[in-house]
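# Turn this into a structure:
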Amino acid sequence: MQKYYIGADIGGTTIKMAVITEDGSIVEKWEISTNHKDEGNHIPEDIQSSLKSKLVELGIQKEQVLGIGAGAPGFVNADSGFVYQTVNIGWRNFELGSILNEKTEFPVFVDNDANLAALGEKWKGSGENSNDLIAVTLGTGVGGGIIANGEVINGVNGTGGEIGHITVIPEGGAACNCGKTGCLETIASATGIVRLAEEAISKNPETSLVELSSNGLTAKDVFQAASAGDKQAREVLDYVTDVLGMTIANLAIACNPSKIVIGGGVSKAGEDLLIPLRKAFDQYALPRTSEACEFVIAELGNDAGVLGGAFLVKQNLGLE
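Predicted structure coming up:
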């Protein structure tokens, strides 16, 4: 009898869900809106209701489902499925794992959403089953997941791998949503790149970024301006890749990965991002660390989280 995993990637706007075979093929994927009512307390029920309907539609019996792997955007105790806090949903000290288990009657395993994306890339993406990798997601914020010896690093209370909140500017840095200042997220995220570009505009009104900013500046605009030869845009990106490359190099010295997987919207810049980032990394990393490490762009896009959820079930059930 065919068995299946369920992946659930819980975001602030939507919840991505998928039915996935044991070998990692997506049978069906869909989304539901994230219900913020009552501080997100109805989300497990919404997942259960949507999943039940989808399994009936697909003709999948309860005994064919091996379990649910769910990702939450916040600090998570992966051993218990306990979510300490999610800023963009409203959960605080929320028993997601046990509540979802009670609602669905399936085994449920929970981890941080960025960690699941790392697991997804390891299993079916550009991670190519590397047991030692660092995944960095450059989007509105900066997410990260670190896999060492085949296991996600969670830490003692769920903050392991929070790459975006490494301090890169000790004094005078921009405020971060986490409450600190000077975090990597304030520099290397799409939001950070735009902020730095706007600062460059205020100092250099001749830059081509001025015209682009009239319609709302984006990180993509900054990369395009740099490629077209705009000096200020190039300086912004040189600074961003230098800070990001140094941060990743320091992490790599600690965990010695074979892969650095770069994902998120900013990664769509491709070689325009990877080439200067790799140059900065090589400058700051130990030569022996650097020679063993490959930089790659993430392959799975929005499917990384649900596939990582499936792999989390597979891993916890000892089915690797």
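
# Only C-alpha atoms from now on, for both contacts and neighbour counts.
Fine.

# Give me the residues contacting the lengthiest helix in the chain.
Criterion DSSP state H: the longest helix present in the chain is helix 231-255. With contact meaning C-alpha atoms under 8 Å, 6 or more residues apart in numbering, helix 231-255 is reached by 132, 134, 148, 166, 168, 184, 187-188, 193, 196-197, 200-201, 204, 207, 209, 222-223, 225-227, 273, 276-286, 289.

# next one: phi and psi at the residue lying farthest from the centre of the chain?
Ranked by distance from the centre of the chain (C-alpha atoms, centre = their mean), the top residue is Glu206, with 36.0 Å. Here is the backbone geometry of Glu206 (degrees, to the nearest 10): phi -80, psi -10.

# Distance of it relative to Gly216?
17 Å (C-alpha to C-alpha, to the nearest Å).

# hang on, the earlier thing: so how do I select the buried members of the contacts of helix 231-255 in ChimeraX?
To isolate the buried ones among these in ChimeraX, judged by 16 or more other C-alpha atoms under 10 Å, type:
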select :132,134,148,168,184,187,188,193,196,197,200,201,207,209,222,223,225,226,273,276,277,278,280,281,282,284,285,289
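
# Strands - which of the contacts of helix 231-255 land there?
Ile134, Ala148 (DSSP state E).

# Put the alpha carbons of the strand or helix carrying Asp111 into PDB.
For Asp111, the element it lies in under DSSP states H and E is strand 108-112. What follows is strand 108-112, C-alpha atoms only, in PDB (Å, rounded to 0.1, in the frame of the first residue of the first chain):
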ATOM      1  CA  VAL A 108       3.100  15.500  13.900                       C
ATOM      2  CA  PHE A 109       6.600  16.900  13.800                       C
ATOM      3  CA  VAL A 110       7.400  20.600  13.900                       C
ATOM      4  CA  ASP A 111      10.400  22.800  13.200                       C
ATOM      5  CA  ASN A 112      11.300  26.300  12.200                       C
END
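
# For the helix or strand that comes right after it, list the C-alpha coordinates in CSV.
The helix or strand immediately downstream of strand 108-112 is helix 113-124, counting by DSSP H and E. This file holds the C-alpha atoms of helix 113-124, laid out as CSV (Å, rounded to 0.1, in the frame of the first residue of the first chain):
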residue,chain,number,x,y,z
ASP,A,113,10.2,27.1,8.6
ALA,A,114,13.8,28.0,7.5
ASN,A,115,15.1,24.7,8.9
LEU,A,116,12.5,22.8,6.9
ALA,A,117,13.5,24.7,3.8
ALA,A,118,17.1,23.6,4.5
LEU,A,119,15.9,20.0,4.9
GLY,A,120,13.9,20.2,1.7
GLU,A,121,16.9,21.4,-0.3
LYS,A,122,19.1,18.7,1.3
TRP,A,123,16.6,16.0,0.3
LYS,A,124,15.4,17.0,-3.1
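
# For stretch 167-174, what is the spacing between the initial and final residues?
Taking C-alpha to C-alpha as the criterion, the two ends of stretch 167-174 lie 11 Å apart.

# Return the set of buried residues in it.
Going by 16+ other C-alpha under 10 Å, stretch 167-174 has these buried residues: Thr167, Val168, Gly173, Ala174.

# Closest to Lys3 out of the residues you listed?
Lowest distance from Lys3 to these (C-alpha to C-alpha) belongs to Thr167, with 44.1 Å.

# show me what contacts the residue lying closest to the closest one once chain neighbours are set aside?
Sequence neighbours aside, Cys183 is the residue nearest to Thr167 in space, at 4.4 Å (criterion: C-alpha to C-alpha, 6 or more residues apart in numbering). Each residue near Cys183 by C-alpha under 8 Å, 6+ apart is listed here: Gly164, His165, Ile166, Thr167, Val168, Ile169, Gly173, Ala174, Ala175, Cys176.
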